[in-house]
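Visitor: Could you look at this predicted model? Sequence included:
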Amino acid sequence: MRKMAPARFSDSRRRLLQGIAGAAALGLLPRAIRARGDCPGAWPAWQVFAGQHIQPDGRVIDFSTPDRRSTSEAQAYALFFALVANDPARFDRLLGWTRDNLCGGRPDQHLPAWLWGHDVKRQAWQVLDANPASDADLWLAYALLEAGRLWHRPALAQSGRQVLRLVREQEIAELPGFGAMLLPGPQGFAGGGRWRLNPSYLPLQLLRRFAAVDPAGPWRGLAGRTPAMIARAAPAGFAPDWVVWNGKDFVADPDTHGVGSYDAIRVYLWAGMLPAAEPLRAPLLKALGGPLRMLERDGRFAEKIDTRDGRGQGTPSFGFAAALLPYLQAQGRPALLAAQRTAIPAPSAPVQGEPPYYARVLALFGTGWLEGRYRFAADGRLLPGWHTGCPAAG
């Protein structure tokens, strides 16, 4: 990551104007504050990702892993991006592969297994871990609900409701002294008076949408409790990858020792993309002030952060810079935003080794949002650029 120029100037107004001008020159301003009628064009980052990571049958592959794995997370994210790109044909292929291979052909009865790949011992391609991952389940439900609404396909919306029903039945647990929360999966995250949670699994945008679609479900309560969980788990303003509820409070996860890294980076991403009308946006951004202070102090972000004291180490991938773009815009730091943008290579730029699946996913979320390709309404509805009268971006 390149080192950014100092952000402090003697004249705060001049700093703001220079930052905005620099962001505009780099094409970073969202469509809402650019010229009226300026529709998003082709989406090169998505086209490159789809060409390198998505098979013709709809399977998303992470080539950086020895088992050439596919995960429910990757399938769900790709479904979301296909919807943002107004690409129903690819959406259907992604969904078909997910249902056939991760849901055993019965998506009405089974949440998708989180891991599928090459079993070396059996020399077979199959499910490697059948335990679902609840973050993927939420994004799958959201993509189905919004595809059904935006493309006028009620069967997809009904499938989204089925996923929510399975999540309610299998992945929601009552934490004594705190309330109902989302477990990371049905098995292995609760026992012995301790509940292990992942803060990045709970985007408020999705929970707001679910509360509107399923008002009798736990979603409104989850949305209200999520910022409280994050604030209590982030004493220095940095979100951890994992946190444990011990019956009285949230404490550092004994396995990861309170580190915030490749999971936690999504917490800042989701918070940054919240609409201004979201009442929990301001307190959540305030609780997550650590990245802003680190960037102002050091000019760079860290790959791994001890969330107990805010100390960081290591150089992250360009995906971290992309994930911080909406966060920095929400925090009103255009100069820092522009500096982070310079760390993100062009989608077609050559890479060493295998294509970086996760970094590209974070870049699709962060740069796609900044380019105005999608927004979230206060009630969680997806607002894609193409749905405002613009042609499909592809």
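Guide: On my side now, so go ahead. Residues are numbered from 1 along each chain as shown.
Visitor: can you give me the helices for the stretch 251-394 of the chain?
Guide: 265-272, 281-287, 290-298, 318-330, 334-341, 357-370 (DSSP state H, counting those that start in this stretch).
Visitor: Residue 124: which of these is closest?
Guide: Residue 124 sits nearest to helix 357-370 of all those, at 22.3 Å, using Cβ to Cβ. In short, each C-beta sits where N, CA and C put it, glycine included.
Visitor: what does that closest one contact?
Guide: With Cβ atoms under 8 Å, 6 or more residues apart in numbering as the test, helix 357-370 has contacts from 28, 30, 43, 45-46, 48-49, 53, 60-64, 74, 77, 81, 84, 262, 265-266, 269, 272-273, 317-326, 329, 344, 347, 374-375.
Visitor: for it, the distance to its chain's centre please.
Guide: 9 Å (Cα atoms, centre = their mean, to the nearest Å).
Visitor: tell me, how many neighbours does residue 367 end up with?
Guide: Neighbour count for residue 367, taken as other Cβ atoms under 10 Å: 22.
Visitor: try residue 351
Guide: Neighbours around residue 351, by other Cβ under 10 Å: 12.
Visitor: need the helices of the stretch 251-394 of the chain in a markdown table with mean pLDDT, can you?
Guide: A markdown table is the format used below for the helices of the stretch 251-394 of the chain (pLDDT from 0 to 100):
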| stretch | mean pLDDT |
| --- | --- |
| helix 265-272 | 98 |
| helix 281-287 | 97 |
| helix 290-298 | 97 |
| helix 318-330 | 98 |
| helix 334-341 | 97 |
| helix 357-370 | 97 |
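Visitor: which one of those lies closest to residue 103?
Guide: Proximity to residue 103 (Cβ to Cβ) singles out helix 357-370 among the helices of the stretch 251-394 of the chain, at 21.4 Å.
Visitor: Confidence-wise, which helix or strand of the protein is lowest on average?
Guide: Every helix and strand in the chain was compared by mean pLDDT, DSSP states H and E; the lowest is helix 12-25, with a mean of 37.
Visitor: returning to what we had before: which among the helices of the stretch 251-394 of the chain is found nearest to residue 128?
Guide: Across the helices of the stretch 251-394 of the chain, residue 128 has its closest neighbour in helix 357-370 (16.5 Å, Cβ to Cβ).
Visitor: how much space is there between the spatially closest residue to residue 150 that is not a sequence neighbour and residue 112?
Guide: If you skip the residues right next to it in sequence, residue 150 has residue 387 as its closest partner in space, 5.9 Å away by Cβ to Cβ, 6 or more residues apart in numbering. Distance, residue 387 to residue 112, using Cβ to Cβ, to the nearest Å: 27 Å.
Visitor: quick one, which of these two is more surrounded?
Guide: residue 112 (27 against 16).
Visitor: What score does the more buried one have for pLDDT?
Guide: As predicted, residue 112 sits at a pLDDT of 98.
Visitor: Surely it and residue 71 touch.
Guide: No: contact between residue 112 and residue 71 fails when scored by Cβ atoms under 8 Å: they sit 9.0 Å apart.
Visitor: all strands in the stretch 51-200 of the chain, in order from the N-terminus.
Guide: 70-71, 115-119, 124-129, 172-175, 179-182, 190-191, 194-197 (DSSP state E, counting those that start in this stretch).
Visitor: Number of residues surrounding the nearest residue to residue 171 once chain neighbours are set aside?
Guide: Counting by Cβ to Cβ, 6+ apart, residue 134 is the residue found nearest to residue 171 once chain neighbours are left out, at 4.5 Å. Number of residues near residue 134 (other Cβ under 10 Å) recorded here: 24.
Visitor: With residue 244 instead?
Guide: 21.
Visitor: Then it would be within a strand, right?
Guide: Yes: judged by DSSP: H, G, I helix; E, B strand; the rest coil, residue 244 forms part of a strand.
Visitor: Let me see the domain layout of this structure.
Guide: 32-170, 172-344 (automatic domain parsing).
Visitor: so how far is the shortest one off the chain centroid?
Guide: On the basis of Cα atoms, centre = their mean, the separation between the geometric centre of domain 32-170 and that of its chain is 13 Å.
Visitor: Same check on the longest one?
Guide: How far domain 172-344 lies from its chain's middle: 10 Å, per Cα atoms, centre = their mean.
Visitor: Straight-line length of it, end to end?
Guide: Using Cα to Cα, to the nearest Å, the end-to-end distance of domain 172-344 comes to 37 Å.
Visitor: before we move on, the earlier item: identify the contacts common to residue 112 and residue 71.
Guide: Joint contacts of residue 112 and residue 71 (Cβ under 8 Å, 6+ apart) are residue 136.
Visitor: wait, what's in contact with the spatially most central residue of the chain?
Guide: In the chain, the residue lying closest to the centroid (Cα atoms, centre = their mean) is residue 266, at 5.1 Å. Contacts here follow Cβ under 8 Å, 6+ apart; on that basis residue 266 touches 200, 323, 362.
Visitor: swap in residue 141?
Guide: Taking Cβ under 8 Å, 6+ apart, we find residue 141 in contact with 160, 161, 163, 164, 167, 206, 210.
Visitor: Going along the chain, name the helices of the stretch 101-250 of the chain.
Guide: Going by DSSP H, counting those that start in this stretch, the stretch 101-250 of the chain shows helices at 134-150, 154-170, 204-213, 219-233.
Visitor: Switch those helices over to TSV, and while doing so, append distance to residue 281 and mean pLDDT to every line.
Guide: Output for the helices of the stretch 101-250 of the chain, formatted as TSV (distance: least, Cβ to Cβ, whole Å; pLDDT from 0 to 100):
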stretch	distance to residue 281	mean pLDDT
helix 134-150	19	98
helix 154-170	24	98
helix 204-213	8	98
helix 219-233	9	97
